[in-house]
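Chemist: Following is a predicted model, sequence given first.
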Amino acid sequence: MPYNPGKNELSAERKATVLVLILFINLILISSQIILKNRRSLLQVIIANMITPLQLTIQKSSDFVSSELNRYFFLRNIYKKYQLLKKKHVDLKIENYSLKKQLRELNVPKGVKGKFSHFITATVISVDVNFPYGSVMIDQGLRAGLAENDVVLNGDAELVGKIVEPLTAFSAQVRLITSSIGGTGAYIESNMLEGLIKGSDGPDCSFQYLLANKTVLLGANVITSGTDLIYPNYLPLGRVIKVEQDYLTQKILVRPFFIEKPLKKLVVLTYE
């Protein structure tokens, strides 16, 4: 049989490959039987060292993606909130402008501003045609913080009356000082002569129990005394339009200041 060197070389390479494979398998079997100090086999340690970098890479990638998603949704919510706040800011600017305009139109209490810290402006919405000097209805009520016996003034801080029933959430009745019901403690400003002002359901009021020991001049100003425990003292009330002497007292007619002015915009003094 003729000699074939190429065939013999191929056979030698195959034998070498088989031998290396057998040695590798023996090495794996031996390493699987070698127990290290941590009670893990050498094979397990080798596989763990090979897999760990891949696990770390996957974990870091997962954390990065999760962090970016959270950041995206967070920024998206922030942007929505920013848009809502921006819209609210614009709405508040418009509301502020509208309120300032309303205050200018109301000509808010030049006489009240600076004198009283707590007051509410109101508009007269109805007048009793049968008793026009008895009471009026205004467009503010319990919802605005009004209460019975709150003092009512006009825009010049002159006395008009007080809040009485009926008092609803959005309206209230104002009993005028010209009403025949009730009374108001008052002084003649020039000589501090004190008495009780009573209304007669007409445009004028009269002093009750006013002694004749001091002279009262026509046109003298009348102010509240505070003795009725409802109206604060020193509020402008009216002026004297008629004086008649009696035996021990004086008959004096007083025209309230608010009678000679438009009764449309009023001011209610409120208390905390």
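Modeler: Perfect, thanks for sending it. Numbers count the residues shown, from 1 in each chain.

Chemist: Mind telling me which residue is nearest the centre of this structure?
Modeler: When CA atoms, centre = their mean is applied to the chain, the residue found nearest the centroid is Leu92 (11.6 Å).

Chemist: quick one: that residue from Glu68, how far?
Modeler: Distance of Leu92 to Glu68, given as CB to CB, to the nearest Å: 36 Å. (C-beta placed from N, C-alpha, C; glycine too.)

Chemist: Please apply the same query to Phe74.
Modeler: For Phe74 relative to Glu68 (CB to CB), the value is 10 Å.

Chemist: mind listing the strands for the chain?
Modeler: 119-127, 135-138, 151-154, 159-167, 172-176, 184-188, 193-199, 205-208, 221-224, 236-245, 250-256, 265-269 (DSSP state E).

Chemist: Name the residues of the fourth one that are buried.
Modeler: Judged by neighbour count using 16 or more other CB atoms under 10 Å, the buried positions of strand 159-167 are Leu159, Val160, Gly161, Lys162, Ile163, Val164, Leu167.

Chemist: Out of the residues you listed, the closest to Leu85 would be?
Modeler: Leu167 (38.6 Å; CB to CB).

Chemist: Just put the buried residues of strand 159-167 in JSON lines and tack on pLDDT.
Modeler: Listed next are the buried residues of strand 159-167 as JSON lines, based on pLDDT from 0 to 100:
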{"residue": "Leu159", "pLDDT": "94"}
{"residue": "Val160", "pLDDT": "95"}
{"residue": "Gly161", "pLDDT": "95"}
{"residue": "Lys162", "pLDDT": "95"}
{"residue": "Ile163", "pLDDT": "95"}
{"residue": "Val164", "pLDDT": "94"}
{"residue": "Leu167", "pLDDT": "92"}
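
Chemist: Would you check which pair of the residues you listed lies furthest apart?
Modeler: The widest separation within the buried residues of strand 159-167 (CB to CB) is 19.5 Å, between Leu159 and Leu167.

Chemist: picking up where we left off before, point out the one among the strands of the chain that comes closest to Ile230.
Modeler: Closest among these, once you apply CB to CB, is strand 159-167, at 6.1 Å.
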